[in-house]
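Pasting the sequence and the predicted coordinates here, then a few questions.
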4 protein chains.
Amino acid sequence: MKIGLIGLGVMGYRIGANLAKEGKLDGVYNRSEEKSIKFEKEFGVKAFKSIDEIVESSDVIITMLSDDNAVSTTIEKVIPRSKGKTIVDMSTISPKLSIALSRKIQENGGFMLDAPVIGTSIMVEQKKLVVMVGGIKEKFDDIKPILESTASTVIYMGKNGSGLYAKLVNNLLLGAYVVAIGEAFNFGVTAGLEKQQVEEVLTKLSSARSPTTDLKVPKLVSQDYSTQFATKHMRKDLEIIQGEATSKSIITPMSSLALQFYRIAESLGLSEDDFCSVYEVFRRFSKKA
Amino acid sequence: MKIGLIGLGVMGYRIGANLAKEGKLDGVYNRSEEKSIKFEKEFGVKAFKSIDEIVESSDVIITMLSDDNAVSTTIEKVIPRSKGKTIVDMSTISPKLSIALSRKIQENGGFMLDAPVIGTSIMVEQKKLVVMVGGIKEKFDDIKPILESTASTVIYMGKNGSGLYAKLVNNLLLGAYVVAIGEAFNFGVTAGLEKQQVEEVLTKLSSARSPTTDLKVPKLVSQDYSTQFATKHMRKDLEIIQGEATSKSIITPMSSLALQFYRIAESLGLSEDDFCSVYEVFRRFSKKA
Amino acid sequence: MKIGLIGLGVMGYRIGANLAKEGKLDGVYNRSEEKSIKFEKEFGVKAFKSIDEIVESSDVIITMLSDDNAVSTTIEKVIPRSKGKTIVDMSTISPKLSIALSRKIQENGGFMLDAPVIGTSIMVEQKKLVVMVGGIKEKFDDIKPILESTASTVIYMGKNGSGLYAKLVNNLLLGAYVVAIGEAFNFGVTAGLEKQQVEEVLTKLSSARSPTTDLKVPKLVSQDYSTQFATKHMRKDLEIIQGEATSKSIITPMSSLALQFYRIAESLGLSEDDFCSVYEVFRRFSKKA
Amino acid sequence: MKIGLIGLGVMGYRIGANLAKEGKLDGVYNRSEEKSIKFEKEFGVKAFKSIDEIVESSDVIITMLSDDNAVSTTIEKVIPRSKGKTIVDMSTISPKLSIALSRKIQENGGFMLDAPVIGTSIMVEQKKLVVMVGGIKEKFDDIKPILESTASTVIYMGKNGSGLYAKLVNNLLLGAYVVAIGEAFNFGVTAGLEKQQVEEVLTKLSSARSPTTDLKVPKLVSQDYSTQFATKHMRKDLEIIQGEATSKSIITPMSSLALQFYRIAESLGLSEDDFCSVYEVFRRFSKKA
């Protein structure tokens, strides 16, 4: 079974590295060639010059791309050559789009799985990703061992789109939660508590403490917004959620309000910063000038 | 040092039990006498018939009452006899009120500490309460060993009101978080995922997983709203937060929106149910009739 | 100049009637033939059996359809025969879609104008519609006299999409405003005022009184939700607004919150009722059960 | 019948002037003496040096003060001398407080009416105020002619508190509406419409047009935030509404969200500017930096 990877961004590059180290990767492709050549040099895995070629040479094609547009453009090129092949799309995109693309691939005799991840680039390096997969169960069974080279958990969620819906459940909660953390932190500090005390409440004493409070609250204390997951990405995921809420008439008051605050954060220049920088909206705009 | 306890509700009774078992309680008082007599029979601790008497006989008076009104009425009766005594108020009330009452007590030569708790009645039984204390540090040191009979953590937060502000930081986050959990759970189920899969995402895979998701998400799966912390209490705490936000001009968009949904839940008859029943608002009102 | 009309729904039928009475309509088409035959009988205007035929026979084609899907499907059929013709789309749809369709038509040598309306079916009958138009100014000048047969105001807004953006500005405000009217009315009544007093405040005394309060508040007083503009249509328009807000990174907190309440109203079975029935959410869910 | 006026702020001074010109004012009192002396010089109406004196000398005492605190402090001083007198409080304060104060006055044999106004200082000068009155009907009948010297409409709303509830109904709607106007205006401009076109939609074409859009939208066009009604006052009124919503368990999602945006506006230094300056939050924070 030949395996190819399309997309060598922050996440894709590291995922590829994990596969390559276990001898489970046979080719890579990236829109800007620079990265694929670098990858080839570092891991001895062939850098393909076109999507056509990598699809031709692979049985399984993993894609890890930035958004609906990138996935759509790429998969449209994959479709004509997809017969008998399995596409594993690890990008976080609209489930509706993913389902539509998977249908087209199936019409061409291929298979597609949606396999978005929970986890940061550091978690990839530690092979601690969580991958949630939607699509045909047999195909999931086939590719599970591949993904286990880069993830601690690879879990089947159901038919096409299910992996993405599971991911959106996570990011809906996470997106609203982190705005609420910013609000709570600001409330405590403005009320006169020491930052470290608020930190202790949120990370140690509260029943709402989580891996996220462990990771983010110390960043609020020091106003360190170095990026683990960028504001613009959380904003994008919440926008996907709003789109799905529209399709399915689901009420989403908390996450649609949270979305507004990520947009405000982006207007403050925090688009590329960590999404916990949404706290700045609370910090800057709670006191009378 | 003689210790008295005023307020034998769900929490107060259990806290009293813990103290009594360690020989650290000398008297109890409850507005409806029935409970204090029951307590006296069960633990051999004197049931006082009036606030005057229990205050007269005690050096430390612990109060655990339902709301601003109850605390205000009770403490006003305590004030005239408070000289040299320490009042430890474990109720969750408005910090503003608590600070005002503590001033009056200090003018009478007594001391007051605000000492609200994080934890449910079950956690009292397991002596796993968290108590966050505001007031004079020396007085905190004096009463800390008493509270350690019923709590795993007793922590000093600063001047009067600080314990309550710390509690409100917790409940601001918790209140918004649990509405967001309801929203995320409903989103996943409506999108077609199995309840158990959404549960796994929220309690195992998500970085926003917490003791609260462990406790509440299984309740959403089974629509079991047996009370650990009632909707009406969370609603009340969020209302206190809104009051403080008004005093201090703090923006609180997420928690004030969450408050509306707890109110809607109460209108559905879920006032006495567990506050995670706010999920019902999402479950019932997301689909076209 | 031959004029054809596609779409004989509640609005389209009445618009067509106005044109026909002034001798400005030469043909109609409707997906379900029944209505076009009825129209032909009533006004002596030819009922075409296909989109191809009506387009072939007309210089100006007016479309008045329900949503993005209907417009997209219809215009795709118009495009191949659109050379030299002017399409006037009066539907309220996504500006993004409208702009994309107008480009395709222009590539085929035709022209498209977006010309959505403010006004109800009764206002069509009274020829009091407001039509806001986007597209090439010369083409606007050409078709303005036609639209003046059914509208009191026909106004040029700028390049393609501008008519729709103007419409969305209106519906963003209107959608949020009517939820706020429901909230204010419920606040007053729950606080103990007579319904008629609240009505007087909102329709006579308030500086926020408007043609909308004149129209809707009496309906709230009598809980008469007979449809002037359906909840589902306002919900759809607010969803288009959210989509545009996403494309352009615009914050829309009030209208996205309002949207949630229209969705809740629809879950109560009020989808086809007048959108002021959103008041029911406030009326039913403000009091403890 | 001797009439006294307490409170010579922007509104009170002009109301007093109207009464004085019709010979219906016998004395004034202001906390800072400067203004009462100026008033005395201008209108030949006696400037009293204390609340005691003006109450002693008057049968009807009109108060026009800034907030709960000012009214509470003032009325407490009035109470002991209120026997047989009628207090007409024109301030916008918490109905709960007003009702409590009116009870105390009645226990002392006096009467109190709540008589808040809709209208700006310019409208006072034009005698176009709207006054909504709560309290005993006979007393309303007695003082109505006095208020008609400064108002075009003086209307009876019911028992004590009713005038204030009517005022809050108005400001709930107005507060939410003006934030929505800011959102709509920003949406249109960001989408590429000319400011003047958006103005035309909102003030001429929309069924949500109102005296408020006439007054405020031109201000948004020119970013002229000269004060007609200050942001801080609208914020205060929305906070009173939140307090009442808490007392009565009323859901207020739109107005409590609007409140957050007025707070953000205040943090931008717009506290004393006109409340339509809340538009700045949308203008400044909708675009990526």
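Thanks, I have the structure now.

Helix B:162-190 and the helix ranked longest in chain A, what's the angle between them?
Longest helix in chain A by number of residues (criterion: DSSP state H): helix A:162-190. Angle between the axes of helix A:162-190 and helix B:162-190 is 170 degrees (criterion: axes from the mean of the first three to the mean of the last three CA atoms, to 10 degrees).

Next, the contact list for the residue of the stretch 51-200 of chain A found nearest chain D, please.
Nearest residue of the stretch 51-200 of chain A to chain D: residue A:183, at 10.2 Å (CB to the nearest CB). (C-beta placed from N, C-alpha, C; glycine too.) By CB atoms under 8 Å, 6 or more residues apart in numbering or on different chains, the contact set of residue A:183 is A:282, B:172, B:173, B:176, B:251, B:252, B:253, B:254, B:255.

do the same with residue A:149
A:18, A:19, A:21, A:22, A:24, A:127.

Just give the nearest non-adjacent residue to residue A:20, would you?
residue A:43 (3.9 Å; CB to CB, 6 or more residues apart in numbering or on different chains).

So what's the gap between the longest helix of chain A and the chain middle?
15 Å (CA atoms, centre = their mean, to the nearest Å).

Give me the contacts around whichever helix or strand comes after that helix.
Where DSSP states H and E defines the elements, the next helix or strand beyond helix A:162-190 is helix A:195-200. With contact meaning CB under 8 Å, 6+ apart, helix A:195-200 is reached by A:184-185, A:188-189, A:217-218, A:220-221, B:155, B:157-158, B:162, B:166, B:169.

let's see it at 10 Å
With contacts defined as CB atoms under 10 Å, 6 or more residues apart in numbering or on different chains, helix A:195-200 is touched by A:184-189, A:191, A:193-194, A:205-206, A:209, A:213, A:217-218, A:220-223, B:132, B:153, B:155-158, B:162, B:165-166, B:169-170.

correct me, but residue A:247 touches residue B:191?
Yes. Between residue A:247 and residue B:191 a contact is recorded at 9.3 Å, counting by CB atoms under 10 Å.

for chain A, where's the lowest mean pLDDT among helices and strands?
helix A:121-125 (a mean of 91; mean pLDDT, DSSP states H and E).

what comes up buried for that one?
Neighbour-count burial for helix A:121-125, counted by 16 or more other CB atoms under 10 Å in any protein chain shown, picks out A:121, A:123, A:124.

helices and strands around that helix, which ones?
helix A:10-21, strand A:129-134, strand A:151-158 (3 or more CB pairs under 10 Å, 6 or more residues apart in numbering or on different chains; DSSP states H and E).

Now that we have those, can you turn them into a markdown table and tack on mean pLDDT and distance to residue A:101?
Output for the helices and strands packed on helix A:121-125, formatted as a markdown table (pLDDT from 0 to 100; distance: least, CB to CB, whole Å):
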| stretch | mean pLDDT | distance to residue A:101 |
| --- | --- | --- |
| helix A:10-21 | 96 | 18 |
| strand A:129-134 | 97 | 12 |
| strand A:151-158 | 97 | 17 |
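
Out of the ones you listed, which gets nearest to residue D:239?
Taking CB to CB, strand A:129-134 is the member of the helices and strands packed on helix A:121-125 nearest to residue D:239, at 43.8 Å.

Tell me who's in contact with the closest residue to residue A:17 other than its chain neighbours.
Leaving out its chain neighbours, the residue that sits closest to residue A:17 by CB to CB, 6+ apart is residue A:43, at 6.5 Å. Counting by CB under 10 Å, 6+ apart, residue A:43 makes contact with A:13, A:16, A:17, A:19, A:20, A:21, A:25, A:28.

cool, residue A:138 as well?
residue A:111.

quick one on the thing from earlier: among the contacts of residue A:183, which pair sits farthest apart?
B:173 and B:251, at 15.0 Å, using CB to CB across those.

all strands for the stretch 1-150 of chain A, in order.
A:3-6, A:27-29, A:46-47, A:60-63, A:86-89, A:111-114, A:117-118, A:129-134 (DSSP state E, counting those that start in this stretch).

Go through those strands and name the closest to residue C:52.
Across those, closest to residue C:52 is strand A:111-114 (CB to CB), at 36.5 Å.

Which neighbouring elements make contact with the closest one?
strand A:60-63, helix A:68-78, strand A:86-89, helix A:95-107, strand A:129-134, helix A:137-147, helix A:162-190.

would you list those in TSV and tack on distance to residue A:199?
Converted to TSV, these look like this (distance: least, CB to CB, whole Å):
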stretch	distance to residue A:199
strand A:60-63	39
helix A:68-78	37
strand A:86-89	38
helix A:95-107	36
strand A:129-134	26
helix A:137-147	35
helix A:162-190	8
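
quick one: low-confidence parts of chain A?
A:288-289 (pLDDT under 70).

what does it have sitting close to chain D?
A:232, A:235, A:253, A:257, A:260-261, A:263-271, A:281-282, A:284-289 (CB under 10 Å from any CB of the partner chain).

Pull out the buried residues from those residues.
A:232, A:235, A:253, A:257, A:260-261, A:263-268, A:270-271, A:281-282, A:285-286.

Among those, which lie within helices?
Per DSSP H, these map to helices at A:232, A:235, A:253, A:257, A:260-261, A:263-267, A:281-282.

Pull the number of nearby residues for residue A:31.
16 (other CB atoms under 10 Å in any protein chain shown).

Next up, the contacts around it.
Going by CB under 10 Å, 6+ apart, the list of residues near residue A:31 reads A:6, A:7, A:8, A:9, A:51, A:65, A:70, A:73, A:74.

Residue A:207 and chain C, how far apart?
26 Å (CB to the nearest CB, to the nearest Å).

is it true that that residue touches residue B:175?
No. Using CB under 10 Å, residue A:207 is not in contact with residue B:175; the gap is 11.8 Å.

neighbour-wise, which of those two wins?
residue B:175 (28 against 24).
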